[in-house]
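Novice: What follows is a predicted protein model with its sequence.
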Amino acid sequence: MLTNLEHLGLAVNDLEAATSLYTALLGQAPYKREHVASEAVDTVFFQVGSSKIELLAATSSESAISRYLEKKPEGIHHVAFEVDDIWAEMARLRTEGFVLLNEEPKRGADNKLVCFVHPKSAGGVLVELCQEIKQ
Ligand SMILES: CC[C@H](C(=O)O)C(=O)SCCNC(=O)CCNC(=O)[C@H](O)C(C)(C)COP(=O)(O)OP(=O)(O)OC[C@H]1O[C@@H](n2cnc3c(N)ncnc32)[C@H](O)[C@@H]1OP(=O)(O)O
Ligand SMILES: [Co+2]
């Protein structure tokens, strides 16, 4: 089952400007900056209670974030939910008729295994599932 709203992913053109804005808005500094080569993104994370804000900027034109920002304004790009068992949730969502964008979970940011649900099958929202990678 989905246990928590893990993060909101915000697509931004200028990561430093967005980081300054959210530092002022949230009244706190980010806890992590991370490059995710597999997604060609630089990310900045803020903790807000039990949820997070993830700022995402593309590092190449091949990035999903780059393609998104070619067509849409900066803003909420995806919503991510925490799961205890990503394999079970992927199987459950498939049986519910959702279209998954990856066959297997893949390594995401912030020490997570992730998978994505196509927005066209999720009411127009790009959904991400995240499972903590236990050390
Ligand atoms: C993993 C690191 C980090 C983490 O938290 O761990 C991340 O979150 S990385 C986040 C960036 N990576 C991804 O988003 C990977 C999954 N996304 C994709 O595979 C694509 O972005 C996809 C398939 C959702 C869209 O691909 P593309 O933009 O090339 O396709 P289209 O432009 O043809 O879009 C198809 C259709 O979907 C609508 N769309 C696209 N993106 C979104 C979105 N973020 N939210 C809602 N809707 C979206 C788009 O408008 C098209 O709709 P249509 O009505 O046909 O115009
Ligand atoms: Co994300």
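Specialist: Cool, got the structure. Ligands and ions are numbered 1, 2, ... in the order given.

Novice: which residues does Val83 contact?
Specialist: Taking CB atoms under 8 Å, 6 or more residues apart in numbering as the criterion, Val83 is in contact with Met1, Leu2, Thr3, Glu89, Leu129, Cys130, Gln131. In short, each C-beta sits where N, CA and C put it, glycine included.

Novice: which of those lies closest to Asn102?
Specialist: The closest of the contacts of Val83 to Asn102 turns out to be Leu129 (CB to CB; 10.1 Å).

Novice: That closest one and ligand 2: what is the separation?
Specialist: Separation of Leu129 from ligand 2 (CB to the ion, to the nearest Å): 10 Å.

Novice: beta partners of that residue?
Specialist: Counting by DSSP bridges, Leu129 is bridged to Phe81, Cys115.

Novice: So it sits against Ala88, correct?
Specialist: No. Using CB atoms under 8 Å, Leu129 is not in contact with Ala88, being 10.4 Å away.

Novice: Format the contacts of Val83 as JSON lines; extra columns: pLDDT.
Specialist: Shown next, in JSON lines, are the contacts of Val83 (pLDDT from 0 to 100):
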{"residue": "Met1", "pLDDT": "90"}
{"residue": "Leu2", "pLDDT": "91"}
{"residue": "Thr3", "pLDDT": "92"}
{"residue": "Glu89", "pLDDT": "98"}
{"residue": "Leu129", "pLDDT": "98"}
{"residue": "Cys130", "pLDDT": "98"}
{"residue": "Gln131", "pLDDT": "98"}
